[in-house]
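> Give me a 3D structure for the following:
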Amino acid sequence: MANTTGNEEEEEGQRDRFIVLLRHGIAEEKTEEKTDEERSLTSEGHARMKQIAKGIERAFPKAQVIYSSPLLRAVQTALWVSKGYRSRIKVNTSDALIPGATPEEFSEFLSTLKERRIIIVGHEPNLTDNVMELIGAGAGQPVELKKGGCYGVRLRTEGGGMLEWLLSPRILRKLTEGD
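Numbering: from 1, shown residues only. Here you go, the predicted model:
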């Protein structure tokens, strides 16, 4: 069975990249008192992300870096993911991951990264739009990522991307059952 987590030793000269695109956890509803940037994960969001983070570590054990939208709920999600890796992976933020950023801004951001095994924490519909762009699928596909769910995309050195997996939050939590 082929290893599809981006962790296998590549053949000499092959430098594919593997990116996990994770939607932030369950967050507070929008209110007039709180800006969108200030919306926090709910207590359920924190609890689920703690479990999901461990599942991500199991599915993608050799991640090198985490990049997050600077919005509070995404940063909190990214910090849980970092803890899932026992804080071995640093969390960075980028405005290319905010709601409303274009796939072109995302592609430009990716082109600046040196790491090959990356976790991106962001928002819908941006994450799905970015995945569709990476894999060459048409925009507006009837796909939406649940909060705490993630895509796994291989970016080939010769160009183009391939969706290797989509994991729901429920599956990610199940990966940690028995811990």
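> How much space separates H46 from M162?
33 Å (C-beta to C-beta, to the nearest Å). To be clear about C-beta, it is placed using only N, CA and C from the backbone, and glycine gets the same treatment.
> Same check on E177?
29 Å.
> which of these two has more neighbours?
Legend: neighbour count by other C-beta atoms under 10 Å for E177 and M162, higher for M162 (14 against 8).
> ok, the one helix or strand the more buried one maps to: who's next to it in the sheet?
Element membership for M162 (DSSP states H and E) is strand 161-167. Applying DSSP bridges, strand 161-167 is found paired with strand 150-155 (antiparallel).
> gap between the strand it pairs with and the chain center?
8 Å (C-alpha atoms, centre = their mean, to the nearest Å).
> Tell me where this protein has strands.
17-23, 65-68, 91-93, 117-122, 150-155, 161-167 (DSSP state E).
> by contact count, what packs against the second one?
Packing partners of strand 65-68 (3 or more C-beta pairs under 8 Å, 6 or more residues apart in numbering; DSSP states H and E): helix 72-84, strand 91-93, strand 117-122.
> Rebuild these as TSV, extending it with mean neighbour count and distance to P99.
TSV is the format used below for these (neighbours: other C-beta atoms under 10 Å; distance: least, C-beta to C-beta, whole Å):
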stretch	mean neighbour count	distance to P99
helix 72-84	24	9
strand 91-93	16	14
strand 117-122	26	8
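> Select, out of these, the one closest to K147.
K147 lies closest to helix 72-84 among those, at 8.9 Å (C-beta to C-beta).
> thinking again about what came up before, mean pLDDT and distance to V131 for the strands of the chain - can I get that in TSV?
Putting the strands of the chain into TSV (pLDDT from 0 to 100; distance: least, C-beta to C-beta, whole Å) gives the following:
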stretch	mean pLDDT	distance to V131
strand 17-23	98	6
strand 65-68	98	15
strand 91-93	98	20
strand 117-122	98	10
strand 150-155	96	5
strand 161-167	94	7
